[in-house]
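A.B. asks: Provide a 3D model corresponding to the input given below.
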Amino acid sequence: MALQIVSPRVGRVRERRVEDRGAQSVADPAAARRSVWRTCPALLVLLQPGRSNTAVLQVAAELAPRWRSHVVGMGVAQIVPGVQGIGALDGTLLQQVHEELQRELIEAEDEFRRALGGRAATLAWRTSLGLTPLVNFATEEARCADLLITAAAPGDRLDFSRHLDAGTLVKQAGRPVLVVPAARTDAPLRHALVAWQDTPESRRAVLDALPLLQLAAQTTVAEIAAPQDAERAQARLDDVCSWLLRHGVQAQTALTLDAGSAGDAIDALVQDSGADLLVAGAFGHSRLREWMMGGMTRDTLLQSTCSVLLSH
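C.D. replies: So this is what the prediction gives:
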């Protein structure tokens, strides 16, 4: 019996488990999982200098041994003249800023090696300090990994020397990005919520998320649809769940009938389901884009323990 989720803030939610159309060939989901098991052999963990990276490191430390992953740690900092009060000819101040950032990057590497030592198959460290924009270096180095793990935005988003914007990273990296909120204390493997839209980005996101979905204890595939589109939306959800079942993931569907704010609907689904992982395509649909670019995203990432896997 599937859990019935009803949220008066977003309207009627239909939820059911798919057993179904053609899925009878997968009699043993555990056997299917073993036969199509997917892993992330290489992880890239982005650390922010000058602040604690406990959350991203704890997630990486739990995932790496499960997948026997090679883990690359990355610390990046940028010297931004003008923004940091550095004049073009002020060599003394420039040297002071350089030394401060260099010290923070060394501390970040030490933190990385302490947290991941003995947990990963192998470790490596990459760093950049100079005038190169943070996101440029990070997206170039993304070629070495299957999954990027980064922190949600810190309180000071105007710290251009240390803060790497996760939204820009997702759009440019060509790899899935797991965004981890500061409150996260372990890998998000209890309940995964897939925010489905019938777009190429959503299909890519579910494929990229398979290694995590195969580890998750529970998976729900949800779509927010207008009432007149309910039947077609349910058929789409059933297809996705049948596909997941063939990859060893037994999922249930949740159809939310709502013509209002996608932000409120998605946030309510996350809260009401108790999901600790949200999977979404970035940003293939205007309603999802509305949510991702609005304040609701920041609330979910910064004030809860729900991590977000984004794929573009």
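A.B. asks: now the helices for the stretch 101-250 of the chain?
C.D. replies: With DSSP state H, counting those that start in this stretch, the ranges of helices along the stretch 101-250 of the chain come out as 134-141, 166-173, 200-213, 230-245.
A.B. asks: so what sits opposite A151 in the bridge?
C.D. replies: Beta bridges link A151 to V180, judged by DSSP bridges.
A.B. asks: next up, the contacts around it.
C.D. replies: 46, 48, 53, 55-56, 179-182 (C-beta atoms under 8 Å, 6 or more residues apart in numbering). Backbone N, C-alpha and C define where each C-beta goes, glycine included.
A.B. asks: give me that answer again for 7 Å
C.D. replies: Neighbouring residues of A151 by C-beta atoms under 7 Å, 6 or more residues apart in numbering: 48, 53, 55-56, 180, 182.
A.B. asks: likewise P227?
C.D. replies: Taking C-beta under 7 Å, 6+ apart as the test, what P227 contacts is L257.
A.B. asks: can you tell me how far it is from F137?
C.D. replies: Applying C-beta to C-beta, to the nearest Å, the value for P227 to F137 is 47 Å.
A.B. asks: before we move on, what about A115?
C.D. replies: From A115 over to F137 (counting by C-beta to C-beta), the distance is 22 Å.
A.B. asks: isn't L193 right next to V221, touching?
C.D. replies: No - with contact defined as C-beta atoms under 7 Å, L193 does not count as touching V221 (8.1 Å).
A.B. asks: neighbour count winner among the two?
C.D. replies: V221 (29 against 25; other C-beta atoms under 10 Å).
A.B. asks: which ones are touching the more buried one?
C.D. replies: V221 sits in contact with 194, 196, 237, 240-241, 251, 253, where contact means C-beta under 7 Å, 6+ apart.
A.B. asks: the residue nearest to it when sequence neighbours are not counted: how many residues sit nearby?
C.D. replies: Distance criterion C-beta to C-beta, 6 or more residues apart in numbering; nearest residue to V221, sequence neighbours excluded, is V194 at 4.5 Å. Neighbour count for V194, taken as other C-beta under 10 Å: 29.
A.B. asks: just the pLDDT at V194, thanks.
C.D. replies: On the pLDDT scale, V194 is placed at 95.
A.B. asks: swap in S273?
C.D. replies: 87.
A.B. asks: what's the answer for the one 5 residues further on, then?
C.D. replies: The predicted local confidence for L278 comes out at a pLDDT of 92.
A.B. asks: mind exporting the helix or strand hosting it as PDB, just the C-alpha atoms?
C.D. replies: With secondary structure defined by DSSP states H and E, L278 is part of strand 277-281. This file holds the C-alpha atoms of strand 277-281, laid out as PDB (Å, rounded to 0.1, in the frame of the first residue of the first chain):
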ATOM      1  CA  LEU A 277      17.300  13.800  -2.200                       C
ATOM      2  CA  LEU A 278      15.600  15.800  -5.000                       C
ATOM      3  CA  VAL A 279      16.500  14.800  -8.600                       C
ATOM      4  CA  ALA A 280      15.800  17.400 -11.200                       C
ATOM      5  CA  GLY A 281      16.700  18.400 -14.800                       C
END
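A.B. asks: surely Q48 is in contact with R162?
C.D. replies: Yes - using C-beta under 7 Å, Q48 is in contact with R162, at 5.7 Å.
A.B. asks: returning to what we had before: so what's the residue nearest to V221 bridging to?
C.D. replies: Bridge pairing for V194 - DSSP bridges - gives V221, V279.
A.B. asks: just use 250 as the starting number from now, easier for me
C.D. replies: Fine by me, first position is 250 from now on; the one you just mentioned is V443.
A.B. asks: which residues does it contact?
C.D. replies: Here V443 is in contact with 455, 468-471, 528 (C-beta under 7 Å, 6+ apart).
A.B. asks: for the stretch 350-499 of the chain, give me the ranges with low pLDDT.
C.D. replies: Along the stretch 350-499 of the chain, the model assigns pLDDT under 70 to residues 402-409.
A.B. asks: element containing A503, please.
C.D. replies: strand 500-506.
A.B. asks: and the helix or strand following that strand, what does it pack onto?
C.D. replies: Sequence order places helix 511-522 as the next helix or strand after strand 500-506, per DSSP H and E. Applying 3 or more C-beta pairs under 7 Å, 6 or more residues apart in numbering; DSSP states H and E, one finds that helix 511-522 contacts strand 440-444, strand 467-474, strand 500-506, helix 535-542, helix 544-552.
A.B. asks: using CSV, list the CA coordinates for helix 511-522.
C.D. replies: Provided in CSV are the C-alpha atoms of helix 511-522 (Å, rounded to 0.1, in the frame of the first residue of the first chain):
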residue,chain,number,x,y,z
ALA,A,511,5.5,25.1,-9.2
GLY,A,512,7.8,26.4,-6.4
ASP,A,513,5.2,25.9,-3.7
ALA,A,514,4.2,22.5,-5.1
ILE,A,515,7.7,21.1,-5.3
ASP,A,516,8.7,22.5,-1.9
ALA,A,517,5.6,21.0,-0.4
LEU,A,518,6.3,17.6,-2.0
VAL,A,519,9.8,17.6,-0.5
GLN,A,520,8.6,18.5,2.9
ASP,A,521,5.6,16.2,3.1
SER,A,522,7.4,13.2,1.7
